[in-house]
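K.L.:
Predicted model follows, preceded by the sequence.
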Amino acid sequence: MKSIYCSFFGHQYEVSKKVTYHVKEYKCSHCSAQMTTNGKGGLTPLTPKYKEINSVLERIHFKRMDRKRKELSSVIY
Ligand SMILES: [Zn+2]
């Protein structure tokens with residue numbers, strides 16, 4: 001639902017979740033409208049489909065980070 005504030009001033013998006021370095025989810029602090037970064041680097045409404053894509057991205061991202069950490073610790077120790 002769009003609040004009166006938003007229809008006057010536009011949405012005030014705040015980062016609600018960092019999915020990867022490049023992909024973030026945003027939430028409007030006034031009306032809770034949700035957006036996310038799409039493949040082209042622009043913003044798009046956070047639909048259930050995008051939520052699913054983001055959760056997959058997040059899993060891949062953390063797996064990669066985990067591997068990097070292990071590689072790094074094997075170099076250090
Ligand atoms: Zn809003």
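P.N.:
That came in fine, so what should we check first? Residues are numbered from 1 along each chain as shown.
K.L.:
okay, CA-based contacts and neighbour counts for the rest of this
P.N.:
Will do.
K.L.:
In space, what's closest to the residue nearest to the spatial centre of the chain - neighbours in sequence excluded?
P.N.:
With distances taken as Cα atoms, centre = their mean, the residue of the chain nearest its centroid is K24 (2.2 Å). In space, and not counting its chain neighbours, K24 is closest to K18: 4.5 Å by Cα to Cα, 6 or more residues apart in numbering.
K.L.:
Now do the strands in this protein.
P.N.:
Under the criterion DSSP state E, strands of the chain are mapped to 13-18, 24-28, 34-37, 43-45.
K.L.:
Relative to R69, which of these is closest?
P.N.:
strand 13-18 (18.9 Å; Cα to Cα).
K.L.:
what's the angle from the closest one to strand 24-28?
P.N.:
Relative orientation of strand 13-18 versus strand 24-28 (axes from the mean of the first three to the mean of the last three Cα atoms, to 10 degrees): 140 degrees.
K.L.:
List the buried residues in strand 13-18.
P.N.:
Y13 (16 or more other Cα atoms under 10 Å).
K.L.:
what's the answer for stretch 32-40, then?
P.N.:
S32, A33, Q34, M35, T36, T37, N38.
K.L.:
which among the residues you listed gets closest to G10?
P.N.:
A33 (11.0 Å).
K.L.:
Pretty sure the closest one sits against V15.
P.N.:
No: with contact defined as Cα atoms under 8 Å, A33 does not reach V15; the gap is 11.8 Å.
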